[in-house]
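Student: This is a predicted model, with the sequence first.
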Amino acid sequence: MTQHLPVIDVPPPDTRGRASFYLRRRRFQSAAVLAAAEILYVLIAGPGWFVSTLLALVVLVASVALIARVPRGVVSDALVVVAIAQGIVLLIPLLLGFTIAIGLMVGFGVIVLLVLAALGSRR
């Protein structure tokens, strides 16, 4: 019989350790807030979807490249949050484009079926 040892997750006593601990525990929440702020900026300021998507891609590549080079700590945890946020920002236009494309294909298919039904009822 195997017994699992309890894991006690205690925040570190120093300030940097606490900040890193917070970023690791709230990684996706922080990234979602950052992505929402970026999307709101794009919608309000209107720099253009192409420019903002290209900038998000550049920031994503730079943050992923820097994560491996920076020692573990607050900076690497912040880079992980930035990388996740940029991934979210890049994923939204991609999903929106796929949704529009699928909607157009379904709409075209419905129109074709209606035309075929109308031609079939004339005979």
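Tutor: Sure, I can see it.
Student: what's the helix or strand for the residue nearest to the spatial centre of the chain?
Tutor: Ranked by distance to the mean C-alpha position of the chain (C-alpha atoms, centre = their mean), the top residue is Ile88 at 1.1 Å. Ile88 belongs to helix 74-122 when assigned by DSSP states H and E.
Student: Name the secondary structure element that contains the residue lying closest to Leu90 once chain neighbours are set aside.
Tutor: Among residues not flanking Leu90 along the chain, Ala56 sits closest, at 5.3 Å (C-beta to C-beta, 6 or more residues apart in numbering). For the C-beta atoms, the positions are set from N, CA and C on the backbone; glycine is no exception. Applying DSSP H and E as the criterion places Ala56 in helix 49-67.
Student: Go ahead and confirm the residue nearest to the centre of the chain touches Val33.
Tutor: No: here Ile88 does not reach Val33: they are 10.4 Å apart, not a contact under C-beta atoms under 8 Å.
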